[in-house]
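Peer 1: missing the sequence, but the structure's below:
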């Protein structure tokens, strides 16, 4: 399991006084302010939220020490992390995305499909991206009970019922 969890990503600058658009990856988007200083992926920089407010589809945030648009623009696409111990334990049938990456993906009969390489949210719900063992193309599967009926983090695997056309290289596959 990951020691640090990505809880947000900085979007573009907002206004002239150093505010940024912030995409929160927490179940309650405003909870991002509750976890203390946020750090970059490599841990080389830390950011303390001074203010955060909701906006349409994202948050507007102001970090201590970021007071102008130019400085805010240099932070575009920076992913922000917190130590896992600062986060609450996930509820039953909830998972931190970081815990799913690297799990083996198998069918209901145990046939290995590949490995979970990413979880995406393009706006219509979570998608599991799988790297098959047999091909260079990845498969995208909706992260719903229909297509992912079982997640067993302790055993290191998920059970997947991929769309029928995924095996033929159509529909759910990407390069």
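Peer 2: Arrived safely. In this text the structure is predicted, and so the values were computed from the model without any measurement. Residues are numbered from 1 along each chain as shown.
Peer 1: before we move on, which element is the nearest residue to residue 162 once chain neighbours are set aside in?
Peer 2: Nearest non-adjacent residue to residue 162, counting by CB to CB, 6 or more residues apart in numbering: residue 141, 5.5 Å away. (Glycine included, C-beta is placed from N, CA and C.) For residue 141, the enclosing helix or strand under DSSP states H and E is strand 138-142.
Peer 1: next secondary structure after that strand?
Peer 2: Reading on from strand 138-142 to the C-terminus, the next helix or strand found by DSSP H and E is strand 150-152.
Peer 1: what residues sit buried inside that next one?
Peer 2: residue 151 (16 or more other CB atoms under 10 Å).
Peer 1: what count of nearby residues applies to the closest residue to residue 157 other than its chain neighbours?
Peer 2: Excluding the flanking residues, the one nearest residue 157 by CB to CB, 6+ apart is residue 104, at 4.3 Å. Residues near residue 104, counting by other CB atoms under 10 Å, number 18.
Peer 1: could you report the pLDDT at residue 104?
Peer 2: At residue 104, the model reports a pLDDT of 95.
Peer 1: hmm, who's touching stretch 61-81?
Peer 2: For stretch 61-81, the external contacting residues (CB atoms under 8 Å, 6 or more residues apart in numbering) are 4-22, 32, 38-41, 43, 47-52.
Peer 1: which ones among these lie within strands?
Peer 2: 4-14, 19-22, 38-40, 47, 49-52 (DSSP state E).
Peer 1: tell me the average confidence for stretch 138-153?
Peer 2: For stretch 138-153, the mean per-residue pLDDT is 92.
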